[in-house]
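In: need coordinates for the below:
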Amino acid sequence: MRSALPTPRLTEAWWADAAEVLDETLDCRFLRGLADGTLDPEVFAGYLAQDVHYLRAYEQHLAAVAAGSTGDAAAFWTTASEGCAAEARDLHHRRLAGSHADDPVHPVCAGYLAHLADAARQSVDSGDVSVLAAAVLPCFRVYAWVGERLGTAPVGHPFADWITAYGDPGFAASSARATELVEELARRADPALRGRMARAFRQSVAQELAFFRMPEQLGQPEQPGHAEQPGEPV
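Out: Next comes the predicted model:
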């Protein structure tokens with residue numbers, strides 16, 4: 001009888017482990033203002049400027065995962081990388097309209113990028129993209145989850161294009177496929193590698209929370225020693 005039970009999914013265990021961080025994410029001031037349309041457009045533009053910095057690097061990490069994959073997996077990650085570039089070019093640049101095009105990288109964004117770069121270095125050193133794949137997965141999962149929770153934006157909503165992009169069923173399908181591919185990698189990994197994958201995933205979820213909190217800091221002078229840091233992975 002026990003053998004007939006479904007095998008627990010590792011990626012779902014990682015997601016459940018991050019439940020507290022995810023609850024904080026959905027409750028952050030930025031997403032609440034985005035959902036009800038009260039968010040200051042300048043704050044949103046500042047967020048998008050940082051997202052462009054992020055997406056330019058994220059595109060390359062997706063391409064690296066594709067290069068270390070084969071068959072359908074390689075095709076999926078390649079398409080995701082190309083879509084990431086298109087997103088930065090179209091939605092973000094149209095929204096920014098040059099107003100924040102020269103914004104420097106915020107320390108929170110830099111911290112997320114450093115985390116992804118570390119995962120990429122691990123993949124290069126080991127010749128295995130599993131840790132990097134786990135690190136890039138939360139961008140899919142968290143945004144698809146947030147998009148689902150925000151629901152459909154009413155006609156005339158000032159941020160309808162953003163909400164629609166991440167609440168789109170096609171993006172949800174991409175998130176599900178990315179999850180399946182990372183699940184396959186985790187299943188094949190030995191315990192040590194699987195542990196590194198879980199930690200990379202958990203840290204990326206924490207970085208997503210920090211990124212959504214970052215707009216509250218934009219335009220404020222940074223206090224030495226008081227830059228917000230995401231929670232340590234469990």
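
In: these two touch, right, Ser69 and Val129?
Out: Yes: counting by Cβ atoms under 8 Å, Val129 is a contact partner of Ser69 at 6.6 Å. For glycine as for every other residue, the C-beta is placed from the backbone atoms N, C-alpha and C.

In: what is the neighbour count of Ala67?
Out: Look at Ala67: counted by other Cβ atoms under 10 Å, it has 13 neighbours.

In: the more surrounded of Ser69 and Val129?
Out: It is Val129, of Ser69 and Val129, that has more neighbours when counted by other Cβ under 10 Å, with 25 against 18.

In: so what's the backbone phi/psi at that one?
Out: Backbone torsions for Val129, taken as degrees, to the nearest 10, come to phi -90, psi 10.

In: leaving out chain neighbours, which residue sits closest to it?
Out: Using Cβ to Cβ, 6 or more residues apart in numbering and skipping residues adjacent in sequence, the residue nearest Val129 is Gly68, 3.5 Å away.

In: please apply the same query to Phe140.
Out: Nearest residue to Phe140, sequence neighbours excluded (Cβ to Cβ, 6+ apart): Ser175, at 4.1 Å.

In: just give me how far the host helix or strand of that neighbour sits from the chain centre.
Out: Taking DSSP states H and E as the criterion, Ser175 maps to helix 169-188. Relative to its parent chain, helix 169-188 has a centroid offset of 13 Å by Cα atoms, centre = their mean, to the nearest Å.
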